[in-house]
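K.L.:
What follows is a predicted protein model with its sequence.
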Amino acid sequence: MNREQAYKRMLGATANMQWNIAMMLEAKAEEAEKARNWICNHITSASFLGEQTQMKQSAQINEQVIEVLDGVNKMSQGILSVMRSVLQKSNEGGGDGDDEEMLFGMGDID
């Protein structure tokens with residue numbers, strides 16, 4: 001397998017990973033919507049023995065959301081490192097780096 005084929009495979013795997021991330025986020029959004037509806041309809045301040053219990057439950061829910069966002073961020077960082085790796089190798093042939101700027105929205109589109 002030559003270098004170009006390896007890069008194409010890397011990019012294909014990255015595209016598949018992005019697709020899977022999108023599917024997971026879609027499922028997580030549906031789950032969050034159901035949970036939100038249930039919480040809004042069933043949880044009231046009368047459901048808790050005290051404010052401390054209410055705060056503890058709220059913190060647990062927020063921790064779950066933060067864990068999901070942290071996981072998505074880590075996967076995105078991995079995808080970014082693959083893209084940078086491929087773009088740096090492709091620009092070694094005398095490119096001026098414009099490809100990376102265009103990819104990440106930093107360059108002007110003519």
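P.N.:
Ah, there it is.
K.L.:
Any stretches of this structure with poor pLDDT?
P.N.:
Residues of the chain meeting the criterion pLDDT under 70: 89-110.
K.L.:
which residue ends up closest to the midpoint of this structure in space?
P.N.:
Closest to where the C-alpha atoms of the chain average out (C-alpha atoms, centre = their mean) is V72, at 3.2 Å.
K.L.:
ok, that one touching A22?
P.N.:
No. Judged on C-beta atoms under 8 Å, V72 makes no contact with A22 at a distance of 10.2 Å. In short, each C-beta sits where N, CA and C put it, glycine included.
K.L.:
Next one: the residue nearest to the centre of the chain from I66, what distance?
P.N.:
11 Å (C-beta to C-beta, to the nearest Å).
K.L.:
same question, G50
P.N.:
Taking C-beta to C-beta, one finds G50 at 24 Å from I66.
K.L.:
got it, and N37?
P.N.:
N37 sits at a distance of 21 Å from I66 (criterion: C-beta to C-beta).
K.L.:
same deal with M55?
P.N.:
16 Å.
K.L.:
ditto for S76
P.N.:
15 Å.
K.L.:
So those two - more neighbours on which side?
P.N.:
Shown here are S76 and I66; by other C-beta atoms under 10 Å, S76 has more neighbours (13 against 10).
K.L.:
what helix or strand is the more buried one on?
P.N.:
helix 51-91 (DSSP states H and E).
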